[in-house]
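Enquirer: Sequence and predicted structure below; questions after.
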Amino acid sequence: MNLSRRAETFEQIRAKYVRFLASVLWKLTGDRELFTEAMQYALLGIWQNIEKLNSKKAGAYIYRIALTANSTAWRNRIGKDGQFARSRIRTDKEPGERLNKEDLTSIVRREIGHLPARQGRAIVMRYLEQNDYKNIAEKLRCTEAGARSHVSKAIGTLKSKLAALVEQER
Amino acid sequence: MNEERIEEILKNIGSENVPADVHKLADQTSKDFTETLMQKKQPKHYVLWEFIMKSNITKLAAAAAIIVIAFFGFSQFFGGTVTFADVIQPILNARTVIFDLIIGEDEETGPVMHEIVVDSRIRRTISNLPNMTSIIDLESAKILALDTNAKTAVYIDIKGSLQEKTKNYIEFVRKVLMKLKDSPNVEELGEQEIDGQKAIGFVARGPNEEVTIWADPKTAVPIRVELRLGQSFSILKNFKFDVPVEDSQMSMDVPPGYTLQKTEFDLSGATEQDFIESLRIWADVLMDGKFPEAIGTENTMKQMRPLVEKIGQMNLSEVEATQMAMKFARGMLFLQIYESGGNWHYVGNGVKFGDSETAVFWYQPKDSENYRVIYGDLHVEEVKKDQLPM
């Protein structure tokens, strides 16, 4: 595909998915700086995988791009003081109280990016896009039971990660 | 923490509305990306480079990448006498010198370093890393590396052995010329057209070195200087002497609007192991499993941009990306020790990464009678001269 054709295809794909990406990446990042970075990675992902996004598997691929972009943006986040941010968890509270709702939400957003691919997609479809299981099953090309299983496993994984972090904070 | 709590958090995240300004932000980011893509007369990789450099992932890696160039230099001088005093006066006496430097002989497509030298400070930009500018203060042994796209700044401490290695090229030329001033080993090359100008040439040769200077025959202002030291070759051209330079261009202060990044760059004490790591990156990351045609500073400069681009595509964290660039830089610093006069040989062209039978590089460590041979799987053997791979 030559550059002008590629650019044209990119523009079509971008226009098709920009609202989806804006919605999913906003919910996964929750802040504008991180969102912008994730959006940049997602656009770069579209450009680099344009052939795949121009095929029948495009639906599945755009989720992968969104989740990878989110994961990369979180991993590369730098604190405003110029230091690498190892954690955004507040530490000004008593042990056991340290992880407030905001902190937990932030951790969940970040950890979604670390879930196995199908679990990550299932969570995004179920909770961020509010699809029913029938729809998720169609998109994931699996049975409804399979879709439930992916969501359930993902919640289990997130629970374990959060539990480990809570333990660390004690 | 139970599963219901996780589900509640997920539901809350899912029910968040996307603020209008975030949609605008998405549209603007998309627009910027598309505009960058649509820039004409630029190859795709350049367009992507411009875009990638706006991301956090590569800006520190790129800063690391340019640093290696700062340490490329010349470690040996040669004695002699000359009679071309008029030609060398501007180089010797100018307070401000601006010139372009090309490492290697590839003037058409090789990276060009643009240097502004005022006293002990150098402002350096490199053509294939267009967003990166470094200001080197040799007196305080510091480099201020600026990313003009991301508007970030990094200070790099080069005290100690790195300070000795960091070269002011024009200062080096001056030292050579001072040595040559009274030497009889200077040959006049007569007049030729050089870079579209009539020029008179002189060449001075030492045992392992050669300096050629072409200058305007009327004004004696140098037009072009060629330096050959050991296996390294460089060209200095497009000279301007004693032109006014804004103080702000040479300032070591972080420019207004830039964010200072507190990152430590450790480039001290480059070792053979660093060099091996850089060979690994070269073969495994840059060349998809094969060793390159050639290595050395000229080729390193050409590879800096592909390396930073590759890093940008590798899904590495910023720490990992910076570390990879630093490993590559440190390895090349090790090679530079030998480049301008040491005994080394690269024979890795096309050798498959992982090939334990085929040598890719050998060198003779300083003060050693034996040689160190590095193979395609990066294991090292110490051998005598008559056992070297031919």
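Expert: On my side now, so go ahead. Numbering: from 1, shown residues only, chains lettered A, B, ... in the order given.

Enquirer: how close does A:A122 sit to chain B?
Expert: Remark: distance between A:A122 and chain B (Cβ to the nearest Cβ, to the nearest Å) = 11 Å. In short, each C-beta sits where N, CA and C put it, glycine included.

Enquirer: surely that residue meets A:A147?
Expert: Yes - under the criterion of Cβ atoms under 8 Å, A:A122 makes contact with A:A147 at 6.2 Å.

Enquirer: So which of these two has more stuff around it?
Expert: More neighbours surround A:A122 than the other of A:A122 and A:A147, with 30 against 26 (other Cβ atoms under 10 Å in any protein chain shown).

Enquirer: OK, contacts around the more buried one?
Expert: Counting by Cβ atoms under 8 Å, 6 or more residues apart in numbering or on different chains, A:A122 makes contact with A:I136, A:L140, A:A147, A:H150, A:V151, A:A154.

Enquirer: Repeat the analysis, applying 6 Å as the threshold.
Expert: Residues near A:A122 by Cβ atoms under 6 Å, 6 or more residues apart in numbering or on different chains: A:I136, A:H150, A:V151, A:A154.

Enquirer: Next up, phi/psi of the third one, please.
Expert: Reported as degrees, to the nearest 10, the phi and psi values for A:V151 are phi -60, psi -40.

Enquirer: Spatially central residue in chain A, please.
Expert: For chain A, the residue nearest the mean C-alpha position is A:L67 (3.6 Å; Cα atoms, centre = their mean).

Enquirer: Which helix or strand lies directly C-terminal to the strand or helix carrying A:Y41?
Expert: Under the criterion of DSSP states H and E, A:Y41 resides in helix A:32-48. Going down the chain from helix A:32-48, the next helix or strand is helix A:50-53, by DSSP H and E.

Enquirer: Identify the residues contacting that next one?
Expert: With Cβ under 6 Å, 6+ apart, helix A:50-53 has contacts from A:R6, A:T9, A:F10, A:I13, A:Y61.

Enquirer: helix or strand for the first one, which one?
Expert: Spelled out, it's A:R6. Counting by DSSP H and E, A:R6 is part of helix A:3-29.

Enquirer: what's the answer for the last one, then?
Expert: With elements delineated by DSSP H and E, A:Y61 resides in helix A:58-75, which encompasses its position.

Enquirer: helices or strands up against that helix?
Expert: Contacts defined by 3 or more Cβ pairs under 6 Å, 6 or more residues apart in numbering or on different chains; DSSP states H and E place helix A:58-75 against helix A:3-29, helix A:32-48.

Enquirer: quick one: buried residues of the first one?
Expert: Which is helix A:3-29. Within helix A:3-29, the residues that qualify as buried are A:6-7, A:9-10, A:13-14, A:17-18, A:21-29, counting by 16 or more other Cβ atoms under 10 Å in any protein chain shown.

Enquirer: For chain B, tell me which of the residues you listed show up nearby.
Expert: The residues of those that also fall near chain B, by Cβ under 6 Å from any Cβ of the partner chain, are A:A7, A:R14, A:V18, A:A22, A:S23, A:W26, A:K27.

Enquirer: In contact with the last one, which residues are there?
Expert: It refers to A:K27. A:L128, B:I13, B:E16.

Enquirer: and the gap between it and B:I136?
Expert: 46 Å (Cβ to Cβ, to the nearest Å).

Enquirer: go on, B:N370?
Expert: Following Cβ to Cβ, the distance that separates B:N370 from B:I136 is 37 Å.

Enquirer: Check B:D106 too.
Expert: Counting by Cβ to Cβ, the gap from B:D106 to B:I136 is 24 Å.

Enquirer: next one: phi and psi at the spatially closest residue to the residue nearest to the centre of chain A that is not a sequence neighbour?
Expert: Once flanking residues are discounted, A:L67 sits nearest to A:G120: 4.7 Å by Cβ to Cβ, 6 or more residues apart in numbering or on different chains. A:G120 adopts backbone torsions of phi -60, psi -50, taken as degrees, to the nearest 10.

Enquirer: ok, A:G120 - how many residues close by?
Expert: A:G120 has 25 nearby residues by other Cβ under 10 Å.

Enquirer: now the one 5 residues further on
Expert: For A:M125, the neighbour count with other Cβ under 10 Å is 23.

Enquirer: Does the residue nearest to A:L67 touch A:T68 like I think?
Expert: No - using Cβ atoms under 6 Å as the test, A:G120 is too far from A:T68 to be in contact (9.4 Å).

Enquirer: about what we covered before: can you verify my assumption that the residue nearest to the centre of chain A contacts A:I123?
Expert: No - A:L67 lies out of contact with A:I123 (Cβ under 6 Å); the separation is 9.3 Å.

Enquirer: related to what we said a few turns ago, which among the contacts of helix A:50-53 gets closest to chain B?
Expert: Nearest to chain B among the contacts of helix A:50-53: A:F10, at 6.8 Å, using Cβ to the nearest Cβ.

Enquirer: Show me what from chain A comes close to chain B.
Expert: So chain A meets chain B at A:3, A:7, A:14, A:18, A:22-23, A:26-27, A:36, A:39-40, A:43, A:72, A:75-76, A:78, A:82, A:104-105, A:108, A:127-128, A:130, A:155, A:158-159, A:162-163, A:166 (Cβ under 6 Å from any Cβ).

Enquirer: Buried among those residues? Need that as a selection in PyMOL.
Expert: To isolate the buried ones among these in PyMOL, judged by 16+ other Cβ under 10 Å, type:
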select buried, chain A and resi 7+14+18+22+23+26+27+36+39+40+43+72+75+76+78+104+105+108+127+128+155+158+159+162+166
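
Enquirer: Give me the common contacts of A:A122 and A:A147.
Expert: In contact with both A:A122 and A:A147: A:I136, using Cβ under 6 Å, 6+ apart.

Enquirer: partners of B:I194 in the sheet?
Expert: Applying DSSP bridges to B:I194 gives these bridge partners: B:Q197.

Enquirer: and it, what does it touch?
Expert: B:I194 neighbours (Cβ under 6 Å, 6+ apart): B:W214, B:I223, B:R224.

Enquirer: Try it again at 10 Å.
Expert: B:I200, B:G201, B:W214, B:A215, B:D216, B:I223, B:R224, B:K237 (Cβ atoms under 10 Å, 6 or more residues apart in numbering or on different chains).

Enquirer: Pull up the gap between it and B:P365, please.
Expert: 40 Å.

Enquirer: Repeat that for B:I276.
Expert: In terms of Cβ to Cβ, B:I276 sits 14 Å off from B:P365.

Enquirer: repeat for B:V225
Expert: For B:V225 relative to B:P365 (Cβ to Cβ), the value is 32 Å.

Enquirer: Name the residue in these two with the higher neighbour count.
Expert: Counting neighbours by other Cβ under 10 Å for B:V225 and for B:P365 shows that B:V225 has the greater number, 24 against 16.

Enquirer: And the pLDDT at that one?
Expert: On the pLDDT scale, B:V225 is placed at 85.

Enquirer: That one - nearest residue in space that isn't next to it in sequence?
Expert: B:L236 (4.3 Å).
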